[in-house]
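> Predicted model and sequence below, questions to follow.
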Amino acid sequence: MANPESTGKRTPWLVIILLMLLFSAGSAAGVYFLLSSGKLGALTASAPAAAEPVKAPVPLFVTITPFTVNLQGGPGEQRLLYIGLALKVGNPASEALLKEHMPEVRSRLLMLMASQKAEELVTPAGKDALTAQILKLFDTPLATPQPPLAIDGVLFSDFIVQ
């Protein structure tokens, strides 16, 4: 015959296992009913839509071919600037307008560069000032009437002062 003390030790483990099975079955039934009613399905379907990464707009650049210009200097001093740059524009209309008027754009840039001093251009502050002056060039319209130009920045691809 079984010892009464040994059956008392098995009962708590049997009860714990039975309770775990009961809770597992209840959880599975709850998930099944939520999925079949569409409530949980709607939550899982909206989660990936919110997690989609936001795509940055494609930047538009108008490249200006490099050119060389004489810089201002002291008497008998010859300094040159070889510069290549691109204008970052905000919309296709600005890009098209700049490309249509490229000879005038290059002329304005050439005149601006010819008025610069080499000592000022070699410093980072001088390059920042030149960027601001280039952006200011486009305050004067290229055509009449002209839609507003959206020029967001000036990027230097070549910059050699000799």
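It's in.

> contacts, neighbours, all on C-alpha from now
Fine.

> Next, count neighbours for E100.
Residues near E100, counting by other C-alpha atoms under 10 Å, number 12.

> And the helices in the protein?
Ranges of helices in the chain, per DSSP state H, are 4-37, 39-50, 92-100, 102-114, 118-121, 124-137.

> Of all these, which one is nearest G76?
Ranking the helices of the chain by proximity to G76 (C-alpha to C-alpha) places helix 118-121 first, at 14.2 Å.

> list the helices and strands the closest one packs on?
Helix 118-121 sits against strand 79-89, helix 124-137, with contacts defined as 3 or more C-alpha pairs under 8 Å, 6 or more residues apart in numbering; DSSP states H and E.

> For the last one, buried residues please.
Burial within helix 124-137, assessed by neighbour count using 16 or more other C-alpha atoms under 10 Å, is assigned to G126, L130, I134.

> Now tabulate those residues in JSON lines and tack on distance to L98.
JSON lines is the format used below for these (distance: C-alpha to C-alpha, whole Å):
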{"residue": "G126", "distance to L98": "25"}
{"residue": "L130", "distance to L98": "19"}
{"residue": "I134", "distance to L98": "14"}
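
> Quick one: low-confidence residue ranges for the protein.
1-10, 38-51 (pLDDT under 70).

> circling back to that earlier point, can you put the helices of the chain in TSV and add distance to G73?
Formatted as TSV, the helices of the chain follow (distance: least, C-alpha to C-alpha, whole Å):
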stretch	distance to G73
helix 4-37	79
helix 39-50	59
helix 92-100	31
helix 102-114	10
helix 118-121	7
helix 124-137	15
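
> and of those helices, who's closest to P66?
P66 sits nearest to helix 102-114 of all the helices of the chain, at 9.9 Å, using C-alpha to C-alpha.

> can you list the residues that contact that closest one?
Residues from elsewhere that reach helix 102-114 (C-alpha atoms under 8 Å, 6 or more residues apart in numbering): I64, V69, N70, L71, Q72, L81, L98, I134, L137, L142.

> Widest-spaced pair of those?
Farthest pair in the contacts of helix 102-114, by C-alpha to C-alpha: Q72 and L98, 27.5 Å.

> ok, the two, which is more surrounded?
L98 (22 against 17).

> Quick check, that one in contact with V62.
Yes. Contact criterion C-alpha atoms under 8 Å: L98 and V62 qualify, at 7.4 Å.
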